[in-house]
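1. here is a sequence with its predicted model. Questions after.
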Amino acid sequence: MAGSHPDNYPRGPQVVIESAEFIVSRSKLVDLNHSGINRVAEQIDKQIRSGLYSPHTWSEQPLHHLPPWPLDENLDIFSLESPARSTIDWIFLISLLNFSFWSALPSGERFAIEWLPPRSLDGNTRWEGYWALPAALNRALENGIPITDPNFYASQEDCPDDLIEKVFQPAEGCLETIPLLKERIRVMRQAGAILVEKYNGSFSGILAEWRQEHGPKATAGVLVAKITKIFDVFRDENTYQNRQVFFWKRAQILVAETWAAFYPPPDSIVPHPIFPLGVTELTMFADYRVPQILHHLGTIDYSPALALMLVNGENLPNGSEAEMSIRAAGILAVEAIKNKILHIRQHKPATNSLDSEVCSVLIDFFLWDLAKRVESTEGEEGSAKNPLLSPIHRTRSIWY
């Protein structure tokens, strides 16, 4: 849906938390399990304290596009000449297309991309789920297709539909193509056109305008609201019991991925070049994977009726009671985990600056990675091999 008129638009992700509270307080399908939340918070706190998980984990993924480091102090990071621009626009397109990769097919038959990353750790060349997206874009760049340049993908002449389809050509053995291809092409054209017409053909132009408008008060939350005002295709909103509710999954993950990509190295003492104030305003990214692992860990309880819907593989339409209840519960569970960790640290303070970087973004990243590990080691969700991992909720949409 298009969302509210920009003149009356919310100014930050606090509306996401308020929306989630409104939904969960009225839904009979979900509830938070506070004993599970406390237990998981203690476990995640230990992971962060031990250094096993940090903002630097993002850069360790072999498919992620890394910015040049150290950055040139004499060059504006948002200028057209900055070498950081390629990473910024890579992240923008990744976040723009980061939706609906779930499949009812088993591994080996579902959509996948064949590509060997130069920074490969294990020689893996086949990428499924979300990882097929960066693999496809990186493969195209390697083959000389400037697919992450908004000036290119906004142009139907330079970048026709059949070329985009070729970029997402599935690996051998796949029985399906990338889900929602036509919708992906549409959002690429729409968002690309806005960047070309108004922001010098780059997400860097939006970052520069955000910084210019707000100066030292240019927060991550303000940027999220700005993105959702500019782009209809990032306006992840709906109506619940006659009230407008906000989720903003991809807008928030766009900001969060930018934060993670440019997070200074462990040995650096310089502040974050884009988000010196951090990203503590952001919530978790309400998708289908993180609520699944939150339920598996005992932080969210589902009603018998909802559990049956998931086991039966029912399609839950975007905006349905069940779908919004699951997403809202995920948001509040992560907020509760974060607040519990912060409470723990009042009595046991962090030992260094990195250790103190506790936010919903980092918790979401951790839970998403954990969900993928559980899936790969314990079997597909809801399978005989792993009956305790409830299935994801099946919703096809461009929002997540």
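-> Nice, I can see it. This is a predicted model, so every value here is computed, not measured. Numbers count the residues shown, from 1 in each chain.

2. could you pull out the strands for the stretch 251-400 of the chain?
-> Secondary structure of the stretch 251-400 of the chain (DSSP state E, counting those that start in this stretch): strands at 300-302.

3. please disregard the earlier target; I meant the stretch 101-250 of the chain.
-> With DSSP E, counting those that start in this stretch as the criterion, the stretch 101-250 of the chain has strands at 112-114, 126-128, 237-240, 243-246.

4. residue 218: which of those strands is closest?
-> strand 243-246 (20.8 Å; Cβ to Cβ). No exception for glycine: its C-beta is placed from N, CA and C like everyone else's.

5. the closest one packs against which elements?
-> helix 14-26, strand 237-240 (3 or more Cβ pairs under 8 Å, 6 or more residues apart in numbering; DSSP states H and E).

6. return the set of buried residues in the longest helix belonging to the chain.
-> If you go by DSSP state H, the chain has its longest helix at helix 321-347. Buried residues in helix 321-347, counted by 16 or more other Cβ atoms under 10 Å: 321-338, 340-341, 344-345.

7. and residue 296, which of the strands of the stretch 101-250 of the chain is closest to it?
-> Using Cβ to Cβ, the strands of the stretch 101-250 of the chain put strand 126-128 closest to residue 296, at 19.7 Å.

8. what strands flank the closest one, and is each parallel or antiparallel?
-> Paired strands of strand 126-128, with direction, are strand 112-114 (antiparallel) (DSSP bridges).

9. contacts only, for residue 205.
-> Residue 205 is in contact with 78, 195, 198, 199, counting by Cβ atoms under 8 Å, 6 or more residues apart in numbering.

10. write the PyMOL selection for whichever of those residues are buried.
-> Buried members of those, defined by 16+ other Cβ under 10 Å, are picked up in PyMOL with:
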select buried, resi 78+195+199
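
11. now the contacts of residue 205 in TSV, please, with extra columns for pLDDT and distance to residue 281.
-> Shown next, in TSV, are these (pLDDT from 0 to 100; distance: Cβ to Cβ, whole Å):
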residue	pLDDT	distance to residue 281
78	96	21
195	99	24
198	99	25
199	99	23
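
12. in helices, which of the contacts of residue 205 fall?
-> 195, 198.

13. tabulate the contacts of residue 205 (TSV), appending distance to residue 97.
-> Below are the contacts of residue 205 laid out as TSV (distance: Cβ to Cβ, whole Å):
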residue	distance to residue 97
78	23
195	14
198	21
199	19
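
14. what is the most widely separated pair among the contacts of residue 205?
-> So, the contacts of residue 205 by Cβ to Cβ: farthest apart are 78 and 198, at 14.6 Å.

15. before we move on, back to that, next, the angle helix 14-26 makes with the longest helix of the chain.
-> 110 degrees (axes from the mean of the first three to the mean of the last three Cα atoms, to 10 degrees).

16. so what does helix 321-347 touch, helix or strand wise?
-> Helix 321-347 packs on helix 14-26, strand 30-32, helix 34-49, strand 237-240, helix 290-296, strand 300-302, helix 304-311, helix 360-378, going by 3+ Cβ pairs under 8 Å, 6+ apart.

17. of all the ones you listed, which one is nearest residue 257?
-> Short answer: helix 360-378, nearest of the helices and strands packed on helix 321-347 by Cβ to Cβ, at 9.3 Å.

18. that older thread, tell me which of the helices and strands packed on strand 243-246 sits most buried.
-> Most buried of the helices and strands packed on strand 243-246, by mean neighbour count (mean count of other Cβ atoms under 10 Å): helix 14-26, with a mean of 19.
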